[in-house]
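Trainee: build me a model from this:
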Amino acid sequence: MSSTALPSFLQGSPPRSPHVERGNIFSSYFSSSPTHSQHYQQVQSNAASSSSSGGSRGMSSIFRPTRRDLLLCLLTLSFSYLLFSTPSTTSQTLRSPTSSSASPYSSPKYRLPNWLFPSTTISGSGSGVCSIGEGKGELTYSESVRTYGFSTPSEAEDTLGLDLGKGSKSWDEGEEEQEDDELEGLTTTLKAHSPGWTVMERLYIHNGSFYAVVDDPKSWPELRMITSTGLPANSDPGNSEAREPKGDEIIFISPFKAMKLWGPRVWKMDGMTFLFNDGQFIDHYYHFAAELMLGAWRAYASYDEHISADGETSLPPPQRVWFLHQNVKEWRDKPKFNPLLMYALFPSVSILYPEDWADFKNQTISDKPKAFMLERALLADRSAAFRGEWTGPTARTVASALHVGSTSRWWWEPIRRQVLRYSGLSEEIISRNLEGHGATDPIKLIGPGVDIIEPLAPPGIYTPVITYISRQSSRRRLTKESHEDLVKALEERSKKLGWELIIVEAEKMTKEEQFALAGRTTIMLGVHGNGLSHLLWMPATPRSAVIEMFFKGGFARDYQWTAHALGIRHFAIQHDVSFTSPNLPQVDYPEGFQGTSITVVGKVVADLIEDRLAGRV
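Mentor: Got it, this is the predicted structure:
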């Protein structure tokens, strides 16, 4: 076809764009070289002259890469590799008390800047820029559902070198001496224990029971010191016997019996599981927060002896909490503090109930018996705790938890700080705990022969906060005259000495406001009651104190024990007489203890606060 047959707009050189051509980064860079500029002009001329004869040679000349182009590409790829690669440094194991690893979820060496991809989790070794999991120590789906079981008898002949023919001993007659490391890696380990609080690794679930795969069950504590039937305790005849374990709560079997029963059909449930076998009081803020959660965290903290004063820990949060006796409504208190704490502390936690336990039972007894294995588990049992030496005298189940292994004296700080951060309190106020000694009983810091523990920070110069939690709208309260006398004495003394006095009725505040106020409080006072549970969030300083007012002759150790366990001094007042550990009155609940006739002398309370802030008591 002749060129004249083509439309006019296809003949000759293509028309130039009416827009001004802007040089890109490459053209501006290369244009700085005279030699390259001359070469570029020559190539353009050759291309124009050859366009009428096919133009393929001219186009080839234009796009032929030079050595400089190849070098630039190599440099670009090398830089991209250094910027975007993410070497895997993740450790998926808990740090044991003797381990020196920094954290179970270590950060990668190289990371994309947050401002580049602010809403994505980056992993350099995954497929694609936005792959997830590897940078957080998470398992892939395939890894999470992989069986974690024992070899079957036929497989054992190959993998363990066992002769299971007709001439061999039966499985029930014991082949334990031939166990190897593979089987021992599947056995249940008792990590730490105190009556009612037991930390285990590789605990199995089958047919409605826990199974401990062990060689020597006699090396474990007595079953009644670990668990119970979970029934509530009361004074009914036979109740104590009814709470004794029946023997099927935890079943001990050998590794070879486990191999024969389940074979490879075992599925692992990763991470830590809190198992709550308490039969009562869970739906009460004090018992849930200051007994169950306080004790569970203390027992779990035995995995980390290096929790810092500012709450840094290597412990991952528990992956699940399992209420073995309470349904979805029965663990929540009426004011709803319990669920707030649960999700403020552990936003990703899964919660299971007795119905789930029944589901697991049904699943594991099918025609192919199987088991689920809890990687780590803490079993908390109220009745078992009362059988121990520490809970009985104090009536606090958590008293036994303080003897589970060993940990840092700052073990409570990760929890306290998280609650206060959730409530919006500033880090400066939260860190007032550095003036103190951690969760150390104040009585242990007094007397001859006591090691001197230096605080990490000097006493602050902030105004002390005195918080009076009034219960005048509640069923247990001061008389009208005593309340007015107390308020008058506190206002006069605070004006004279420069205290910040805050008088509140907690039920008229939001939960976050209550937590934040406790985090600012130097001395908290009130009638015996649930409002004093907020002492959990107070900073433990040398000036901190809880002052609890009782009906004449009455005394309970709930808040006294909790305060001292967290390093806060406690004073009990009966009308005009004060007590503090170790000189405490007998626990007693006389007629009127829960009533509206509680009295107190305001001047006695004001004098006590002044003496405490001055360091005289």
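Trainee: a helix runs through Ala377, doesn't it?
Mentor: No: applying DSSP: H, G, I helix; E, B strand; the rest coil, one finds Ala377 to be strand, outside a helix.
Trainee: ranges for the strands of the stretch 101-250 of the chain?
Mentor: 189-194, 197-206, 209-213, 250-253 (DSSP state E, counting those that start in this stretch).
Trainee: quick one: which of the ones you listed is nearest Gly595?
Mentor: Of all the strands of the stretch 101-250 of the chain, strand 197-206 sits nearest to Gly595, with 35.5 Å by Cβ to Cβ. Placement of C-beta: from N, CA and C, glycine included.
Trainee: show me what that closest one is packed up against.
Mentor: On a contact count with 3 or more Cβ pairs under 8 Å, 6 or more residues apart in numbering; DSSP states H and E, strand 197-206 meets strand 189-194, strand 209-213, helix 255-262, helix 294-300, helix 354-364, strand 371-380.
Trainee: including mean neighbour count, distance to Ile446 and mean pLDDT, could these go into CSV?
Mentor: Below are the helices and strands packed on strand 197-206 laid out as CSV (neighbours: other Cβ atoms under 10 Å; distance: least, Cβ to Cβ, whole Å; pLDDT from 0 to 100):
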stretch, mean neighbour count, distance to Ile446, mean pLDDT
strand 189-194, 19, 26, 97
strand 209-213, 21, 43, 98
helix 255-262, 21, 51, 92
helix 294-300, 25, 23, 98
helix 354-364, 14, 47, 97
strand 371-380, 23, 32, 97
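Trainee: ranges for the strands of the stretch 501-617 of the chain?
Mentor: Counting by DSSP E, counting those that start in this stretch, the strands of the stretch 501-617 of the chain are 523-527, 545-550, 569-574, 577-579.
Trainee: strands of the stretch 301-450 of the chain, start to end?
Mentor: Using DSSP E, counting those that start in this stretch, the strands of the stretch 301-450 of the chain run over residues 320-323, 350-352, 371-380.
Trainee: okay, Ala545: pLDDT?
Mentor: With respect to pLDDT, Ala545 scores 98.
Trainee: wait, Ser366
Mentor: On pLDDT, Ser366 comes in at 83.
Trainee: give the closest residue to the residue nearest the centre of the chain in space, chain neighbours not counted.
Mentor: The residue lying closest to the centre of the chain (Cα atoms, centre = their mean) is Pro317, at 2.9 Å. If the residues on either side of it in the chain are set aside, Pro317 comes closest to Phe346, at 4.7 Å by Cβ to Cβ, 6 or more residues apart in numbering.
Trainee: now do the contacts for that neighbour.
Mentor: Contacts for Phe346 (Cβ atoms under 8 Å, 6 or more residues apart in numbering) come out as 317-318, 321.
Trainee: against Met200, how distant is it?
Mentor: Phe346 sits at a distance of 20 Å from Met200 (criterion: Cβ to Cβ, to the nearest Å).
Trainee: which intervals of the stretch 51-200 of the chain have sub-threshold pLDDT?
Mentor: 51-64, 81-137, 151-184 (pLDDT under 70).
Trainee: ok so, going back, for the strands of the stretch 301-450 of the chain, give me a markdown table that also has distance to Ile415.
Mentor: Formatted as a markdown table, these follow (distance: least, Cβ to Cβ, whole Å):
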| stretch | distance to Ile415 |
| --- | --- |
| strand 320-323 | 14 |
| strand 350-352 | 18 |
| strand 371-380 | 15 |
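Trainee: nearest to Pro237, of those?
Mentor: Here strand 371-380 is closest among the strands of the stretch 301-450 of the chain (Cβ to Cβ), at 27.1 Å.
Trainee: isn't there a helix covering Leu74?
Mentor: Yes: assignment of Leu74 by three-state DSSP places it within a helix.
Trainee: how is the protein partitioned into domains?
Mentor: With domains defined by the TED database, the chain comprises 182-233+241-408, 438-614.
Trainee: closest one to Ser144 among the helices and strands packed on strand 197-206?
Mentor: Nearest to Ser144, of the helices and strands packed on strand 197-206 and by Cβ to Cβ, is strand 371-380 at 11.3 Å.
Trainee: so which elements touch the closest one?
Mentor: strand 197-206, helix 255-262, strand 266-276, helix 294-300, helix 354-364.
Trainee: please redo it, this time with the cut-off set to 7 Å
Mentor: strand 197-206, strand 266-276, helix 294-300 (3 or more Cβ pairs under 7 Å, 6 or more residues apart in numbering; DSSP states H and E).
Trainee: which residue packs closest to Trp481, ignoring adjacent ones?
Mentor: Residue 481: Glu, not Trp. Going by Cβ to Cβ, 6+ apart, Glu481 has Thr599 as its nearest residue, at 7.9 Å.
Trainee: my guess is that neighbour contacts Arg477. True?
Mentor: No: applying Cβ atoms under 7 Å, one finds Thr599 not in contact with Arg477, separated by 10.9 Å.
Trainee: so these two - more neighbours on which side?
Mentor: Between Thr599 and Arg477, counted using other Cβ atoms under 10 Å, Arg477 has the larger neighbour count: 20 against 17.
Trainee: for the more buried one, grab phi and psi.
Mentor: Note on Arg477: backbone dihedrals following degrees, to the nearest 10 are phi -160, psi 170.
Trainee: mind checking pLDDT for it?
Mentor: At Arg477, pLDDT is 95.
Trainee: which stretches of the stretch 301-450 of the chain form helices?
Mentor: Assigned by DSSP state H, counting those that start in this stretch, the helices in the stretch 301-450 of the chain fall at 337-345, 354-364, 382-386, 391-394, 398-401, 413-422, 427-430.
Trainee: before we move on, what about the stretch 451-600 of the chain?
Mentor: Using DSSP H, counting those that start in this stretch, helices in the stretch 451-600 of the chain cover 480-497, 511-520, 558-565.
Trainee: can I get the second one in CSV? Just the C-alpha atoms.
Mentor: It refers to helix 511-520. Extracted in CSV, the C-alpha atoms of helix 511-520 (Å, rounded to 0.1, in the frame of the first residue of the first chain):
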residue,chain,number,x,y,z
LYS,A,511,-16.0,3.2,85.8
GLU,A,512,-13.1,4.9,84.0
GLU,A,513,-13.4,7.9,86.4
GLN,A,514,-13.3,5.6,89.4
PHE,A,515,-10.1,3.8,88.1
ALA,A,516,-8.4,7.1,87.3
LEU,A,517,-9.2,8.6,90.7
ALA,A,518,-7.7,5.6,92.4
GLY,A,519,-4.6,5.9,90.3
ARG,A,520,-4.2,9.5,91.7
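Trainee: who are the packing partners of it?
Mentor: Taking 3+ Cβ pairs under 7 Å, 6+ apart as the contact cut, helix 511-520 packs with helix 413-422, helix 427-430.
Trainee: who's in contact with the shortest one?
Mentor: Residues from elsewhere that reach helix 427-430 (Cβ atoms under 7 Å, 6 or more residues apart in numbering): 417, 420, 519-520.
Trainee: how far does it sit from its chain's centre?
Mentor: In this view, helix 427-430 has its centroid 20 Å away from the chain centroid, taken as Cα atoms, centre = their mean, to the nearest Å.
Trainee: and that helix, which residues are buried?
Mentor: Residues of helix 427-430 classed as buried by neighbour count (16 or more other Cβ atoms under 10 Å): 429-430.
Trainee: so where's the stretch 201-350 of the chain shaky on pLDDT?
Mentor: Within the stretch 201-350 of the chain, no stretch has pLDDT under 70.
Trainee: OK, contacts around His206?
Mentor: 364, 371.
Trainee: hey, what's it bridged with?
Mentor: Counting by DSSP bridges, His206 is bridged to Ser209.
Trainee: stretch 396-409 spans what distance, first to last residue?
Mentor: End-to-end distance of stretch 396-409 (Cα to Cα, to the nearest Å): 20 Å.
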